[in-house]
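Visitor: everything below, folded, please.
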Amino acid sequence: MLHPVLPAVRPQPLFDVAALRRIEQAAAAALPPHTLMQHAGLAVARLALALAPHARTVWIACGPGNNGGDGLEAAMHLRRWGARPLVTWLGDEARAPADARASLQRARDAGVAFADAPPAGPGANDLCIDALLGIGAARAPAGRMAEWLRALRSSPAKVLAVDVPTGLDADTGVLQQPEDAPHSIASCGRQDWAAGSKHAESGRLHTLTLLALKPGLFTAQGRDACGTLWFDDLGVTPVEPPAAWLNVPGPLAPRPHASHKGSWGDVAVIGGECDATHGVAMAGAALLAASAALHGGAGRVYVCLLGDGGPMLDASQPELMFRRFDALELGGMTAVCGCGGGSAVRGVLPAVLAQAPRLVLDADALNAVAQDGALQQALGQRAARGQVTVLTPHPLEAARLLGRSAGDVQADRLAAAQALATRWQCVAVLKGSGSVIASPHEPPHVNPTGNARLGTPGTGDVLAGLVGARLAAGCQTFEAACRAVWEHGALADAWNGGEALTAAALARRLGG
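Guide: The predicted structure follows:
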């Protein structure tokens, strides 16, 4: 059944390419020959006409494999329905897969026009269909394929990608750029991709993914490359175990009428280094995290600012209670440590790691752990004592913790998040487009909510505070992280377009 994927209303399994190959083979073996490709091509053709109901000229760029076969099958339907599809095909009939050869003949029999080059000139197409590679992208597109891909992406017409946009790694969401074509998108730089993102937001880019959802569609460059994402399972129910899940938590249970502030836990936010002598004042980060914990429903929220010269009252939020570090009773609290902590956080981390039964580590706390073997050892000992930890790094902080580069982390976000979770037996939230929530005991979850509005200072502090609130209220560790990440992004998705999203405003919109 064809339907848009986002906004997602329930958790959905995500399958990697190896599993997808097995799913496809099993489905094809259970059906008469060529049936699966016929179903795929029909789904593509139907969506094409739904997206451009008055389209006459439709350029379909077909690759040499089965993704191209889906495009050929779609061309046959569009021709029979009165459109004028023009197919450019990169295949060799003698070497093409059997299903693709059958669809090639069906397209020819229907009178589909073929050409050696894309139609030229502005307005040459009413719709473009990318059926070049799908999940078959093993390397960066080159040669004629790279040129056709550039033409697809620069066309003013709507573009519909079949299964996966060409060049996008279905497992990781990394978009492989053509490098050998002199006028490829690789030479267009950041401005081209800013325009591509604008096209996605304006409804120009669409992707119809088939059989099963893939992790790479939702993280790294996947969201920008896909534009609006559609899904058709072609009537197939996978029996493979998923590689990951789309993160959609259920609703929070209503709070009992007889509950009170003590029912929902205490959160201590430790950070916000203040050093008047050296002109350092980072109290804002800690106050944002504390505000998020407060508005996220924590019972009591304590603020511990590190260093000297920090305030002992936030007049705009008098509900927040300020404490010196030595006055905190960490053994009964959920600690959120590191937001704006600067270098001062190193001095308190040994006690925090040893005493806090529930702990969220963010920002400078993560950097301190990455640079100190003793702190790493202390972090690694927490799970054995039954203490729970959530790490909330952005890619550079994750890279420091793993001893890698940020590029390595972004090259496989799911694997990097899982490596963090496994190494320290904790829950790790790798922030970014399609934030990944990983646990040693669960398949990773990829978050579908959130947008570029969150790319503003302090929103990460808000997330850390919200995770702390969910932990303090009794959520299990993985659930607390998954729920907080989803809520944080969903607020950004619902934001009034005419109102600037600031971290302080975001924190105040949270509901307990």
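Visitor: pLDDT at residue 180, what is it?
Guide: At residue 180, the pLDDT value in this model is 48.
Visitor: just residue 459 next, same as before
Guide: pLDDT, read off for residue 459, is 98.
Visitor: mind listing what the residue lying closest to it once chain neighbours are set aside touches?
Guide: Of all residues not flanking residue 459 in the chain, residue 503 sits nearest, at 4.9 Å (CB to CB, 6 or more residues apart in numbering). Every C-beta, even on glycine, is put in place using the N, C-alpha and C of the backbone. With contacts defined as CB atoms under 8 Å, 6 or more residues apart in numbering, residue 503 is in contact with 288, 456-459, 461-462.
Visitor: ok, of those, which come out buried?
Guide: 288, 458-459, 461-462 (16 or more other CB atoms under 10 Å).
Visitor: got CSV for those, with distance to residue 408 and secondary structure too?
Guide: Shown next, in CSV, are those (distance: CB to CB, whole Å; DSSP: H, G, I helix; E, B strand; the rest coil):
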residue, distance to residue 408, secondary structure
288, 30, helix
458, 27, coil
459, 24, helix
461, 26, helix
462, 27, helix
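Visitor: nearest to residue 178 among those?
Guide: Of all these, residue 459 has the smallest distance to residue 178: 33.9 Å, by CB to CB.
Visitor: list the contacts of the closest one.
Guide: 488, 501, 503, 506.
Visitor: again, only using 10 Å
Guide: 288, 292, 431, 450, 453, 488-489, 491-492, 501-503, 506-507 (CB atoms under 10 Å, 6 or more residues apart in numbering).
Visitor: for residue 46, same thing?
Guide: Contacts of residue 46 were listed using CB under 10 Å, 6+ apart, and they are 2, 74, 77-78, 81, 208, 232.
Visitor: what do you get for residue 327?
Guide: Contact partners of residue 327, counting by CB under 10 Å, 6+ apart, are 302, 304.
Visitor: just the CA coordinates of the helix or strand where residue 101 lies, formatted as CSV?
Guide: According to DSSP states H and E, residue 101 maps onto helix 98-109. Output of helix 98-109 as CSV, limited to C-alpha atoms (Å, rounded to 0.1, in the frame of the first residue of the first chain):
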residue,chain,number,x,y,z
ALA,A,98,16.1,-11.2,-16.7
ASP,A,99,13.4,-9.1,-15.1
ALA,A,100,14.8,-5.9,-16.5
ARG,A,101,15.0,-7.4,-20.0
ALA,A,102,11.3,-8.4,-19.7
SER,A,103,10.4,-4.9,-18.7
LEU,A,104,12.5,-3.5,-21.5
GLN,A,105,10.5,-5.5,-24.0
ARG,A,106,7.2,-4.5,-22.4
ALA,A,107,8.2,-0.8,-22.7
ARG,A,108,9.1,-1.3,-26.4
ASP,A,109,5.9,-3.1,-27.1
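Visitor: pLDDT (mean, whole number) over it?
Guide: 97.
Visitor: can I get the CA coordinates of stretch 10-29 in PDB?
Guide: What follows is stretch 10-29, C-alpha atoms only, in PDB (Å, rounded to 0.1, in the frame of the first residue of the first chain):
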ATOM      1  CA  ARG A  10       4.100   4.200  14.800                       C
ATOM      2  CA  PRO A  11       7.500   2.500  15.100                       C
ATOM      3  CA  GLN A  12       8.600   0.900  11.800                       C
ATOM      4  CA  PRO A  13      11.400  -1.600  11.200                       C
ATOM      5  CA  LEU A  14      14.400  -0.500   9.100                       C
ATOM      6  CA  PHE A  15      16.300  -3.100   7.000                       C
ATOM      7  CA  ASP A  16      19.900  -2.900   5.800                       C
ATOM      8  CA  VAL A  17      20.900  -3.800   2.200                       C
ATOM      9  CA  ALA A  18      21.900  -7.300   3.000                       C
ATOM     10  CA  ALA A  19      18.500  -8.100   4.500                       C
ATOM     11  CA  LEU A  20      16.800  -6.300   1.700                       C
ATOM     12  CA  ARG A  21      18.500  -8.600  -0.900                       C
ATOM     13  CA  ARG A  22      17.200 -11.600   1.000                       C
ATOM     14  CA  ILE A  23      13.700 -10.100   1.300                       C
ATOM     15  CA  GLU A  24      13.600  -9.400  -2.400                       C
ATOM     16  CA  GLN A  25      14.800 -12.900  -3.300                       C
ATOM     17  CA  ALA A  26      12.300 -14.600  -1.100                       C
ATOM     18  CA  ALA A  27       9.400 -12.400  -2.400                       C
ATOM     19  CA  ALA A  28      10.300 -13.000  -6.000                       C
ATOM     20  CA  ALA A  29      10.600 -16.700  -5.500                       C
END
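Visitor: distance from the chain centre to that stretch, please.
Guide: 20 Å (CA atoms, centre = their mean, to the nearest Å).
Visitor: buried sites along that stretch?
Guide: By neighbour count on 16+ other CB under 10 Å, the buried set for stretch 10-29 is 12-17, 19-20, 23-24, 27-28.
Visitor: ditto for stretch 131-151
Guide: By 16+ other CB under 10 Å, the buried positions in stretch 131-151 come out as 131-137, 140-141, 145-151.
Visitor: do the same with stretch 257-268
Guide: 264-268.
Visitor: what does the helix holding residue 101 contact?
Guide: Contact with helix 98-109 is made by 28, 33-38, 40-41, 60, 62-79, 85, 87, 89, 91, 93-97, 112-114, as judged by CB under 10 Å, 6+ apart.
Visitor: what residues of that helix count as buried?
Guide: Buried residues in helix 98-109, defined by neighbour count with 16+ other CB under 10 Å: 99-104, 106-107.
Visitor: what of stretch 487-500?
Guide: Using 16+ other CB under 10 Å as the test for burial, stretch 487-500 gives 487-492, 495.
Visitor: for this structure, which residues score under the pLDDT cut-off?
Guide: Low-confidence segments of the chain (pLDDT under 70): 122, 179-202, 512.
Visitor: got the domain ranges for it?
Guide: Using automatic domain parsing, the domains assigned to the chain come out as 2-244, 264-493.
Visitor: include distance to residue 258 when you put those into CSV, please.
Guide: Listed next are these as CSV, based on distance: least, CB to CB, whole Å:
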stretch, distance to residue 258
domain 2-244, 32
domain 264-493, 13
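Visitor: identify the residue spatially nearest to the spatially most central residue of the chain, adjacent ones excluded.
Guide: In the chain, the C-alpha nearest the mean C-alpha coordinate belongs to residue 434, at 1.1 Å (CA atoms, centre = their mean). Distance criterion CB to CB, 6+ apart; nearest residue to residue 434, sequence neighbours excluded, is residue 219 at 2.8 Å.
Visitor: same question, residue 502
Guide: The shortest distance from residue 502 to any non-neighbouring residue, by CB to CB, 6+ apart, is to residue 456 (6.5 Å).
Visitor: name the helix or strand for residue 151, please.
Guide: Applying DSSP H and E as the criterion places residue 151 in helix 143-154.
Visitor: now that helix, how far from the chain's geometric center?
Guide: How far helix 143-154 lies from its chain's middle: 26 Å, per CA atoms, centre = their mean.
Visitor: same thing with stretch 127-142?
Guide: Between the centre of stretch 127-142 and the centre of its chain there are 21 Å (CA atoms, centre = their mean).
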